[in-house]
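# Task: produce atomic coordinates for the following.
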Amino acid sequence: MKSSERRLKLMLLLQQPGRKLTVEEIAEKFGVSRRTIFRDFNALQEINVPVTWDKYAGYGVMPGYKVPPLMFTPKELATIMVGLNFVKSQIDEQLVNDAHGVELKIKNVLPDDLKELMSSLEERTIVDPYMKFGAEKKKGGDWYLLSSAIAQKKRVEFQYTTKSGKTEIRKVDPLLLVFFEDHWNMIGRSHLRGEIRNFILQNMREIRILEEIVAIKNKISVEDLIFRSDSTSQKVILLVSKSEIERFRANLPAKIFKESDEKSKKIKVTFEFDNLDYINRWLLQFGEDVEIEEPEQLKIKRNELLKKMLDI
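As a prediction, the model looks like this:
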C-alpha cells in the first residue's frame, strides 16, 4: 500500500466513532512499524488534520472533523461500480433507480481521469447479465422504510396479503431485511402469533412505523434468523452428486446440519425445511444429481410434479 493511500485510510479510521486506537493497533492493522505510523501522524499534522492523543485511550481526531468525501483510489472506485452494477441488475425497480442516482452523484464530483474509468466500468463490467437483460423490473416494496424502523428499533404495522389472497392487518417487530433471489423479505416477530415470521415486501401495503419501541432481550444472530426451524419444519435427507455438492451448498435455502461421504459419487446431506412444495421445485435444477431419501412425502411430491410436467 502506498503511503498516501495508507494515510487516507488512517484518517478515515481515526474519525470512526467509538474507542480510540493505540499506535500498536494501527501498525498491526496496516502491517507496518510503529515508526511508520508516527511518520504518518506527522504528515497528517502538516496538512492540518487535527490528530488527538490521550495517554489512556490512544489516538483519534478532533470531534466534528470530517475527511473530504469521494477520495477514491481507482481500485476502490472499481469496487463501488461492481456493487452498483450488481444492484442495477436486480428486478426491484426502485433499487435500480436509486443505484443510478448514486452513480450520477459520484460521477459529477470525480476528476476527469476517474470519470473515464467509471464510464468504462459502467459499460463494460456486467454483473448477473441474465437478470439485468432478461427480467422485467417490478416494484419490490419499501425496504428503506423498514430498514429505518429496524435502525430505530420501532414496531411496524401494515396490510399483508397472504398466499391465499386474504388481506390482514399485521403488527410486527422488524428484525432483519433479506434480499433473496428476486425479492425482499422482512423477518420479524409477529404479534398475531407471537412467533418469528417471514414477510414478502411486495405483499405489504400501507406500512407505518409506530411509536412503540421493540424490546430485544437477547441478541439474535442473523444466521439463526435466516436458518431457523419451527414445528412446521421437516427433516430432509438427500444424496447429492459430488460434482454438484459445491453449487448445492452455495444455493440451498437452508442450513445443512449433517453431511456424510457415502464412499461413492454421492454425499448425504440432512437439513430441515418448512415448505416441501418449494424445496421440491428448487431441487429440479439438479436433475438426476440429487436423490431423495426422506421424507416419503417429498418423494411423492416429486413424482406428482414430474407427471404434471410431462402431462401424464
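# and G188, how many neighbours?
Close neighbours of G188, defined as other Cβ atoms under 10 Å, add up to 25. Glycine gets a C-beta too; all of them are placed from N, C-alpha and C.
# Hmm, I typed the wrong one, I wanted D230.
So D230, with other Cβ under 10 Å, has 10 neighbours.
# pLDDT score for it?
The per-residue pLDDT reported for D230 equals 71.
# Identify the residues contacting it.
Contacts for D230 (Cβ atoms under 8 Å, 6 or more residues apart in numbering) come out as E195, I196, D274.
# next SSE after the helix or strand hosting L146?
L146 belongs to helix 143-152 when assigned by DSSP states H and E. Using DSSP H and E, the helix or strand that follows helix 143-152 in sequence is strand 154-161.
# Check the offset of that following strand from the chain's centre.
Remark: strand 154-161 is offset 22 Å from the chain centroid, using Cα atoms, centre = their mean, to the nearest Å.
# repeat for stretch 188-198
Using Cα atoms, centre = their mean, the offset of stretch 188-198 from its chain centre is 22 Å.
# Tell me which stretches of the stretch 201-312 of the chain form strands.
Under the criterion DSSP state E, counting those that start in this stretch, the stretch 201-312 of the chain contains strands at 204-213, 234-241, 258-261, 266-273, 290-294.
# Would you mind getting the angle between the fourth one and strand 290-294?
With axes from the mean of the first three to the mean of the last three Cα atoms, to 10 degrees as the criterion, the two stretches strand 266-273 and strand 290-294 enclose an angle of 60 degrees.
# In the protein, what helix or strand scores lowest on average pLDDT?
One helix or strand of the chain scores below all others by mean pLDDT, DSSP states H and E: helix 129-134, with a mean of 74.
# Buried ones in that helix, by neighbour count?
K132 (16 or more other Cβ atoms under 10 Å).
# Please export the C-alpha coordinates of it as PDB.
What follows is the C-alpha trace of helix 129-134 in PDB, where atoms were taken according to Å, rounded to 0.1, in the frame of the first residue of the first chain:
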ATOM      1  CA  PRO A 129     -26.400 -10.400 -17.200                       C
ATOM      2  CA  TYR A 130     -29.500 -12.700 -17.400                       C
ATOM      3  CA  MET A 131     -31.100 -10.800 -14.500                       C
ATOM      4  CA  LYS A 132     -30.100  -7.500 -16.000                       C
ATOM      5  CA  PHE A 133     -31.300  -8.000 -19.500                       C
ATOM      6  CA  GLY A 134     -33.900 -10.700 -19.200                       C
END
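# and for it, what are the contacting residues?
In contact with helix 129-134 (Cβ under 8 Å, 6+ apart) are residues K88, S89, Q90, I91, I126, D182.
# Most neighbours among the contacts of D230, which one?
In the contacts of D230, the most neighbours by other Cβ under 10 Å go to I196, 18 neighbours.
# picking up where we left off before, output the contacting helices and strands for the helix holding L146.
strand 154-161, strand 167-180, strand 204-213 (3 or more Cβ pairs under 8 Å, 6 or more residues apart in numbering; DSSP states H and E).
# Packed most tightly, which of the ones you listed would that be?
strand 154-161 (a mean of 18; mean count of other Cβ atoms under 10 Å).
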